[in-house]
Structures are given as structure tokens and as C-alpha cells.
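> sequence-free structure coming up:
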Ligand SMILES: Nc1ncnc2c1ncn2[C@@H]1O[C@H](COP(=O)(O)OP(=O)(O)OP(=O)(O)O)[C@@H](O)[C@H]1O
Ligand SMILES: [Mg+2]
């Protein structure tokens, strides 16, 4: 034992001559299935995009040309506006391996607050809207603090917050709706995101691709966060925290601060959705949009974002939201019982999660 | 010569377990200090306390004569202490380049970087590729492949490359060759010697006695949460070291720290 001289040992002598600078390659023949698994792993929005295209084609065949009109297709976008915007918030949270059940409630109370500020406190509409945003961010900050600093599970924190905010919503608004005409007269800015512009209507002014400003806002938010997640350090840290928070902390990510920023941003985006909600329904109603937490989680899951965090892309989420929109409108135009929509979406959720597990399992 | 890094009376408890029990520690400039000890002796706890990954209950650490207390690994890194943890601290879903630059990303020059916060992926990939080939550990097909698609040894190689690339004052390696093959281990040992020749001292934790005796200037034998003794690898045999480490033999008074 004690005669070993420093330096490489005898059996290591064979290492060098073998060409130390040679390129080690991992040539490994892959089956078509493995290759597909690999591609889906690399581009997480691809699978939902394919499902979206397939369902568009499927309903196009089943329903006929009506379905493929620019009007019908843009109607789908309008119908998914709220879910799409809230879905951006939900995607950020789920990418950090969290979940936000309070999104819908924050959205509704933010819209109610915008109405109260304008009609009860007499504030100018822009200020009212900012109040709504500030409220959303504050609730998100509270969620984030409880999750990051108190180390409470996100599911529990946001379940509680959902109930609290929803109850506050009814108490505060006295369960009263503010009518569309009143808003139109006094504070049209609140309905601003419901304004539309039409491209390619016929001579009679019918049909054509119809976009609301809300749709544009939704698309802009999706593109913005697709950029942020891919091309900024903050975005890479979102993934790192969702992947393995301990590793991220050791590698130099300020995990707590990151989580708080994500939940705060989620709350803010929900408040933006609250503004879009006023445009979408015209009125301000404390009873609207309460299932947006479920809808946004559905879009996220069908969009291929992993509930375990760290995997997926926001583009996938918007495709997921559109898939739900296509099913809803398609089945409606086809003339079936709307329950079929829920049944099929339910099946799609389970398939999406199964595919996610499969992609993760053999990630090579 | 003054030590660059010292620890005095370090105490770290996890509930009822005392992982560090009044431990002392010294690292001198330009040396390779090996830390050896049984499983659970407290080696990882010691380096985590130094690198800010865990907070000490008692004791004092100095870096270049100044008292320091790192609240997080980020703080230790900012002071020039780079660590490869036993668990590697990699985000499996992110690419090799993303992992190497985690928390110290390079942004594009100009307003793209300053206003739009856009990362310079190309530059980070270039440097990452360069660091990996310097290490010569492996030639990875694709610097953008996710770390989870690498073998255990390749991951370890990336972690070592990351530390070697950025460490400026002290580099800490917690079992850097545990998962590596013969050839890859050899590369890491060469890298360690190379880092020392740049004047940067290294703390090397390893269970591999031949490796330890090959590269270490001094060996810190850790036992039951404290430094049992310091030995010179030129004057002691591996069997002595193992005997001290396991408690089969008690070091002379002269050696005992
Ligand atoms: N996070 C923790 N929580 C509770 N106990 C811990 C924790 N980390 C370490 N310990 C305990 O502290 C003691 C020292 O552990 P440490 O990881 O420092 O040992 P080690 O010398 O690095 O061992 P190994 O050679 O196996 O890596 C062990 O008894 C261990 O159980
Ligand atoms: Mg250890």
C-alpha cells in the first residue's frame, strides 16, 4: 500500500494513447418512437399544436365550411381571451411547481374594485384600473410570501385565498352588478378591451376576422412571456426553481424572491384579466368568471406544462386554451349536448398528463 | 504564511444530530487540502457551512483574515468561493449552458441586454463549450442538451467545469470523482492540479485514497464532526490515514489538531 508513487497508477497508463482529444460520441440508434419522445421533450408546445390542428380539421369536416370562416375562428380567440390571460399567470406559477387556485377570484374582485372605484368613489377610470392592478399584485404578493417564506404548500395557500377573496368579493360588492350601459356612459375605458376591429368583412359588414383588443392583449402577453421565459435570466430561474429548488438555491438562484415575484406577477396578470373581463361581458358582475382557476389549469395541462414544474412552455398553454375553445364552439355548432365538451376535455386532460409522464420518463 | 480560509470552533446541529462539533479548519494559499472521513463524519456539513449553503450555530470563519458569514451560496460565490456539491446542484431540465451560467447569466451588449434583459445564449454556449473541452472530460454532442440526458459522470464533469471556470479564491469539491470513470477521474485530477498551478487553493473531499494521496498537499482527517488530525501524505501511508479515519488508530500528540 505504502509504495504507491504519486501520479497516474499503472493501470491508468492505457488511457492516454487512446487519443485523449478524441471526440467521445454517444451514437445511439434510436427508434422512431424514441426520436418522437425526444422531439416532444425538446419542444413542449408541439404536441398541443398538433392536437389543435387535428381538432380544427376534425370539426371542419364534421361541421363544414361554416366552421372555417374567419369569423368563427376568431370567435374562438375571443372566447378564450380570459382563460388565455389567466393561463399566462397560471403557467408561471405551475412552472415553479406551484399552483394558483385564487386566479379567478382575484380577477373578479379586481374587476369589481375597478367598478366600485369608478362608480362609488368617483375616481377617474384610469386610476380605478390601476387600483384593480395594485389589488391583484398585492394578493399575489401575499400568496407568494406565504408560499416562499412560511413554506406553506401553494395548493393550500391559494385554496384559502380563493375562498377569502371570493367571499370578500360578494361582501364588498353587495352582490350587485354594474350594468353595461352605465359603464358605457360614464367610464367606457373599463370596457375598452371589448372593442373590436374587423378585417375582411363583406359588403354588408358581416363576417370577417373579428378581433377584440382583449384578444390582442392576450396574444401580446403570451408572446411577451414566451420571450421572458426563454431569453431572460428571470425566466431561466423560473424553470430552475420548478425543476429542483434546492439545486437552484445552491446554484445561485434567490428562490424565495423568485417565488414571490412569480405569485405577485400572477396576481397582477389576473387583475389585467379582470379588466379584460369587463370588456368581454360589458358589465361588472361579482358572479362572473369563477371557474377561471379550473379553466386555466385545464389549458395549462392540455398545453403540456408539467404540474410537477420546470417543464413546458407558455405557447403550449395558449394552444391548450384554444383546443378547449375549438371543442366548445365546434360541438356547439355541430349541435350536441354541451356536456360532450366537458367529457372530451376531461379525457384530453388525462391523456395530456399521461403523455407528459411518458415524455419525462425516457428523456434522452 | 497566513491561511487564506480558516474555521474556528464550528458547530452545526441538525436537530439532535451534531454534524460539526467544535471543528477547526485551515486552508493555505495555493495548496490542495484533502478532507477525508467516514460517511456521516460531517465533511459535507463542513464545506456547506463554508460555502453559505447552511448556517452555522456557532463558530467563526475568516477569508483572507477577515471575518465572514455567508448568508447564501450566492454570497460565497461573490466572494470567490466556488463549490461543487455532492448533489451537484444542477437543474435537470435545463441545458448544460443554462446550468453553467445559473445566477450569473451573460446578457447581450447594448440595449437588448440592458433594457430587454436579453441573454446572450450564443456567448454562454461558446464559453460553456470551451470550458468543457478544456476539461476534456467529455465531448458533449450538444451544449443545449438537458442535463438530465447526461450520464451521472458527465453531470459531475459539468459541475466541476462550472466551479473551475468561475472560482477565483477557493474551489471546493465534494467528492468530484465519485461517479467518474478512470479516464474522467484522471482528467479531474489534472484539472485540480491545473487550478492549483493558477494559484487557487482547493478543498477536495474524497473517499478515494489513491487520488487523495496523489494530489493533496495536506490531509485533514475528519472524524465525528471535527478535525482529528492533519497529516502529510509524504510522511504517512494510506493505511495510516484509513486507521485514523476509522478510529482504529489514534494519532500522536504531535499530529492531533
Ligand atoms: N439536512 C440534514 N438534516 C439532518 N441531518 C443532516 C443533514 N445533513 C447532514 N445531516 C447529518 O449530519 C451528519 C454529517 O453529515 P455529512 O453529510 O456532513 O457527512 P459526510 O461526512 O459528508 O458523509 P458522506 O461521506 O456520506 O458524504 C450525518 O449524521 C447526517 O445524518
Ligand atoms: Mg458528504
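Arrived safely. Note that the coordinates shown come from a computational prediction; the quantities given were computed from them, not determined experimentally. Ligands and ions are numbered 1, 2, ... in the order given.

> mind checking which helix or strand residue B:82 is in?
strand B:81-84 (DSSP states H and E).

> show me where chain A has strands.
Counting by DSSP state E, the segments of chain A that form strands are A:196-199, A:209-212.

> just say which of these is most tucked in.
strand A:209-212 (a mean of 19; mean count of other Cβ atoms under 10 Å in any protein chain shown). No exception for glycine: its C-beta is placed from N, CA and C like everyone else's.

> what segments of chain B are strands?
In chain B, the strands defined using DSSP E lie at B:5-14, B:17-27, B:32-36, B:58-63, B:66-68, B:81-84, B:170-174, B:202-205, B:218-223, B:226-231.

> the longest one: partners in the sheet, and parallel or antiparallel?
Spelled out, it's strand B:17-27. strand B:5-14 (antiparallel) (DSSP bridges).

> list the buried residues for the strand it pairs with?
B:5, B:6, B:7, B:10, B:11, B:12 (16 or more other Cβ atoms under 10 Å in any protein chain shown).

> close to ligand 1, is it?
Yes: using Cβ under 6 Å from any ligand atom, strand B:5-14 reaches ligand 1 at residue B:14.

> what about that strand, average pLDDT?
Mean pLDDT, computed over strand B:5-14, is 95.

> specify the angle between that strand and strand B:170-174 in degrees.
Per axes from the mean of the first three to the mean of the last three Cα atoms, to 10 degrees, the angle that strand B:5-14 makes with strand B:170-174 is 40 degrees.

> contacts for strand B:5-14 next, please.
B:18-27, B:42, B:45-46, B:49-50, B:54, B:56-64, B:81, B:170, B:201 (Cβ atoms under 8 Å, 6 or more residues apart in numbering or on different chains).

> save the strands of chain B as TSV, and put in distance to residue A:181 too.
Formatted as TSV, those follow (distance: least, Cβ to Cβ, whole Å):
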stretch	distance to residue A:181
strand B:5-14	66
strand B:17-27	70
strand B:32-36	77
strand B:58-63	70
strand B:66-68	67
strand B:81-84	65
strand B:170-174	69
strand B:202-205	74
strand B:218-223	78
strand B:226-231	79
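
> count the residues that sit near residue A:275.
Around residue A:275 there are 27 other residues, counting by other Cβ atoms under 10 Å in any protein chain shown.

> same thing with the one 3 residues further on?
Neighbour count of residue A:278, defined by other Cβ under 10 Å: 30.

> and the gap between the closest residue to it other than its chain neighbours and ligand 1?
The spatial neighbour of residue A:278 that comes closest, neighbours along the chain excluded (Cβ to Cβ, 6 or more residues apart in numbering or on different chains), is residue A:190 at 4.9 Å. To ligand 1, residue A:190 is 52 Å away according to Cβ to the nearest ligand atom, to the nearest Å.

> same question for residue B:82.
Distance from residue B:82 to ligand 1, by Cβ to the nearest ligand atom: 18 Å.

> correct me, but that residue touches residue B:173?
No: between residue B:82 and residue B:173 there is no contact under Cβ atoms under 8 Å: 9.4 Å.

> higher neighbour count, the two?
Applying other Cβ under 10 Å to residue B:82 and residue B:173 shows that residue B:173 carries more neighbours, namely 30 against 23.

> got a pLDDT number for the residue of the stretch 1-150 of chain B found nearest ligand 2?
Closest contact between the stretch 1-150 of chain B and ligand 2, by Cβ to the ion, is at residue B:44 (3.1 Å). pLDDT for residue B:44: 95.

> surely it meets residue B:173?
No: here residue B:44 does not reach residue B:173: they are 11.5 Å apart, not a contact under Cβ under 8 Å.

> report the spatially nearest residue to whatever residue of the stretch 251-364 of chain A ends up closest to chain B, omitting neighbours in sequence.
Taking Cβ to the nearest Cβ, chain B has its nearest neighbour within the stretch 251-364 of chain A at residue A:252, 2.4 Å off. Distances taken as Cβ to Cβ, 6+ apart put residue B:103 closest to residue A:252, at 2.4 Å, once the chain neighbours are dropped.

> so who does residue A:241 touch?
Here residue A:241 is in contact with A:96, A:97, A:248, A:253, A:255, A:258, A:259, A:309, A:310 (Cβ under 8 Å, 6+ apart).

> likewise residue A:219?
If you count contacts by Cβ under 8 Å, 6+ apart, residue A:219 has them with residue A:318.

> one step back: shared neighbours, residue B:82 and residue B:173?
residue B:163.

> which residues are in contact with the nearest residue to residue A:191 once chain neighbours are set aside?
In space, and not counting its chain neighbours, residue A:191 is closest to residue A:279: 5.1 Å by Cβ to Cβ, 6+ apart. By Cβ under 8 Å, 6+ apart, the contact list for residue A:279 reads A:190, A:191, A:192, A:193, A:194, A:195, A:212, A:213, A:214.

> re earlier: for residue A:316, which of the strands of chain A is the nearest?
Of all the strands of chain A, it is strand A:209-212 that lies closest to residue A:316, at 22.3 Å by Cβ to Cβ.

> quick one: average pLDDT of that closest one?
For strand A:209-212, mean pLDDT rounds to 91.

> at which residues are the helices of chain B located?
Using DSSP state H, the helices of chain B run over residues B:43-51, B:73-78, B:96-100, B:111-114, B:121-135, B:152-166, B:182-197, B:209-215, B:238-246.

> what about the fifth one, distance to the chain center?
It refers to helix B:121-135. 21 Å (Cα atoms, centre = their mean, to the nearest Å).

> so what touches that helix?
By Cβ under 8 Å, 6+ apart, helix B:121-135 touches A:231, B:96-98, B:100-101, B:105-106, B:138-140, B:143-144, B:157-158, B:160-162, B:164-165, B:187-188, B:191.

> out of those residues, which are buried?
Here, 16+ other Cβ under 10 Å leaves A:231, B:96-98, B:100-101, B:105-106, B:138, B:140, B:143, B:157-158, B:160-162, B:164-165, B:187-188, B:191 buried among the contacts of helix B:121-135.

> how close does the spatially closest residue to residue A:55 that is not a sequence neighbour get to ligand 1?
Leaving aside its chain neighbours, residue A:55 sits nearest to residue A:326 (4.9 Å; criterion: Cβ to Cβ, 6+ apart). Separation of residue A:326 from ligand 1 (Cβ to the nearest ligand atom): 49 Å.

> likewise residue A:314?
Separation of residue A:314 from ligand 1 (Cβ to the nearest ligand atom) stands at 35 Å.

> kindly report the same for residue A:353.
For residue A:353, the distance to ligand 1 - Cβ to the nearest ligand atom - is 32 Å.

> report the contact partners of that residue.
Counted by Cβ under 8 Å, 6+ apart, residue A:353 has contacts A:301, A:307.

> same thing with residue A:45?
A:303, A:304, A:312, A:313, A:315, A:316, A:319.

> close to ligand 1: what parts of chain A are there?
For chain A, no residue is in contact with ligand 1 (Cβ under 6 Å from any ligand atom).
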